[in-house]
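> Pasting the sequence and the predicted model now:
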Amino acid sequence: MAVHEVRSQAARTDSGVLLLGVDRETMRVEFAGHVLHVAVDRGLSSYGFYLPAEPVWDDSVALSAQELAVVKDAIVEIQRFWGFAVDFHVLGVD
């Protein structure tokens, strides 16, 4: 999957996922006309992404299993492009 830098702290994959840094503790994911804000824990060499057990877009539409897989794959590729590893965590569980 190719990654294209859009601007500082923003990149898009060929799958159409856009990942943007919002602030120190939040990343914004845009895909297929939807938006998802994700809590993050920024480390020196990796980021922890915290998703709910049943993620929903900001417009209250549930992410399908396929959408979630595409989004997670894109997050990993973009973070790798930026030089960071990724750990996914489930809110309330991890």
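Sure thing, it's come through. Predicted model only: the values in this text are computed from it and were never measured.
> Secondary structure element holding Ile78?
helix 65-81 (DSSP states H and E).
> Pull the distance from that helix to the chain's centre.
Helix 65-81 has its C-alpha centroid displaced from the chain centroid by 6 Å (C-alpha atoms, centre = their mean, to the nearest Å).
> Average pLDDT for that helix, rounded please.
Across helix 65-81, the average pLDDT comes to 96.
> Now do it: everything it contacts.
Applying C-beta atoms under 8 Å, 6 or more residues apart in numbering, the contact partners of helix 65-81 are 1, 3, 5, 11, 13, 15, 17, 19, 27, 29, 31-32, 36, 47, 49, 55, 63, 85-86, 88. The C-beta positions use only the backbone N, C-alpha and C, and glycine is treated the same way.
> are any of those residues buried, and which?
Buried members of the contacts of helix 65-81, counted by 16 or more other C-beta atoms under 10 Å: 3, 11, 13, 17, 19, 27, 29, 31, 36, 47, 49, 55, 63, 86.
> Just the ones in strands from the residues you listed, please.
Among the buried ones among the contacts of helix 65-81, DSSP state E puts Val3, Ala11, Thr13, Leu19, Met27, Val29, Phe31, Leu36, Tyr47, Phe49, Val86 in strands.
> Tell me who's in contact with the last one.
When contacts are counted by C-beta under 8 Å, 6+ apart, Val86 is found next to Ser46, Tyr47, Gly48, Phe49, Ile75, Val76, Gln79, Arg80.
> most neighbours, which of these?
Most neighbours among the contacts of Val86, by other C-beta atoms under 10 Å: Ile75, with 22 neighbours.
> which two from the contacts of Val86 end up farthest apart in space?
Gly48 and Arg80 (15.1 Å; C-beta to C-beta).
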